[in-house]
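Asker: Structure for the following, please:
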Amino acid sequence: MKMLIICLITLSLYAGVYKAKVQPYETITLSSEVSGKIVFLNQADELKSLNKKVIVIDHKLESLQLQNTKEKLNILNELISIKQNQYNRIKNLKGQSLTVKQRYKSELLNLKLQEKELENAVVRLQDTISKKEISLKNLYLKKLYVNKGSFVVPGAKLMDVENQSASRVVIYVDVHDRKNIQNKKILIDGKSDHGYRIEKAANSTDERYLSSYRVELVKKGGDMFGKIVTVEVGKVQ
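Answerer: Sure, this is the predicted structure:
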């Protein structure tokens, strides 16, 4: 009974007051979608905000196949043009037999079918190559899981990156503070001009914190990530 009383007193003392850590707006773990050996990677890129190519997985074979496939496609396009002109000349000639006309048309359609297959092959190769070149655009490279020379398979972790263009604070509030929270005054470290706004507020309790509701506050621009702040949820303004 004494323990229950102590717990209730503790809750009442801290009602409306929460501790939270300032986090980057988004944290992402990038994994490989393909297999291959890493032929380009600079470990010095770690712990930097980057806007460049970071990892290249060997795609010499795919690049060669892509070049050859494009050349085949160009040749095939010329053959299609020739065959199309031939068919156009005879398709309306009354003196030409139906069998010949159908043969020319069949040959033309077969060439066009081959064209589609080569076009699909080009798209597949381009997609594979793009997945073997990983670039970051205004993202912070938090951690590398691989080294140059490593062989990766689909699903292998490559890196953790952060979007530090904004800051996020997550709190888990009780049912009293969740009610009308969008209209309540919120202080962070005692300040009201903190720049944070409520981006998300759950309508159901959290799976981990069973009696609490997840609320996320966001502001533009970076902050001291990892800093612990005090968030106070006040009355309706």
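Asker: Just the element for the residue nearest to Ser212 when sequence neighbours are not counted, please.
Answerer: Using CB to CB, 6 or more residues apart in numbering and skipping residues adjacent in sequence, the residue nearest Ser212 is Tyr172, 3.6 Å away. For glycine as for every other residue, the C-beta is placed from the backbone atoms N, C-alpha and C. Following DSSP states H and E, one finds Tyr172 within strand 157-173.
Asker: hey, C-alpha coordinates of that strand in CSV?
Answerer: Provided in CSV are the C-alpha atoms of strand 157-173 (Å, rounded to 0.1, in the frame of the first residue of the first chain):
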residue,chain,number,x,y,z
LYS,A,157,22.9,-3.3,-44.2
LEU,A,158,24.9,-0.5,-45.8
MET,A,159,24.5,2.6,-43.7
ASP,A,160,22.5,4.6,-41.3
VAL,A,161,21.6,8.1,-42.5
GLU,A,162,19.7,11.0,-40.9
ASN,A,163,17.6,13.8,-42.3
GLN,A,164,18.8,16.7,-40.1
SER,A,165,16.9,19.4,-41.9
ALA,A,166,14.4,19.4,-39.0
SER,A,167,14.3,18.3,-35.3
ARG,A,168,11.9,16.0,-33.7
VAL,A,169,10.9,15.5,-30.0
VAL,A,170,8.7,12.5,-29.0
ILE,A,171,6.7,12.4,-25.8
TYR,A,172,4.2,10.0,-24.4
VAL,A,173,1.4,11.9,-22.6
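Asker: and that strand, which strands flank it?
Answerer: When pairing is defined by DSSP bridges, strand 157-173 lines up against strand 17-31 (antiparallel), strand 133-144 (antiparallel), strand 213-220 (antiparallel).
Asker: Dump the ones you listed into CSV; add distance to Arg89 and mean pLDDT as well.
Answerer: Formatted as CSV, the strands paired with strand 157-173 follow (distance: least, CB to CB, whole Å; pLDDT from 0 to 100):
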stretch, distance to Arg89, mean pLDDT
strand 17-31, 56, 95
strand 133-144, 47, 97
strand 213-220, 66, 95
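Asker: ranking those strands by burial, who's on top?
Answerer: Per-stretch averages of neighbours, counted by mean count of other CB atoms under 10 Å, single out strand 213-220 among the strands paired with strand 157-173, with a mean of 19.
Asker: What mean pLDDT does the helix or strand following that strand get?
Answerer: Following strand 213-220 in sequence order, the next helix or strand is strand 228-236 (DSSP H and E). Mean pLDDT, strand 228-236: 90.
Asker: re earlier: and the residue nearest to Ser212, what is it in contact with?
Answerer: Tyr18, Asp206, Tyr209, Ser212, Tyr213, Arg214, Val215 (CB atoms under 8 Å, 6 or more residues apart in numbering).
Asker: could the strands paired with strand 157-173 go into CSV alongside distance to Lys200?
Answerer: Shown next, in CSV, are the strands paired with strand 157-173 (distance: least, CB to CB, whole Å):
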stretch, distance to Lys200
strand 17-31, 12
strand 133-144, 22
strand 213-220, 4
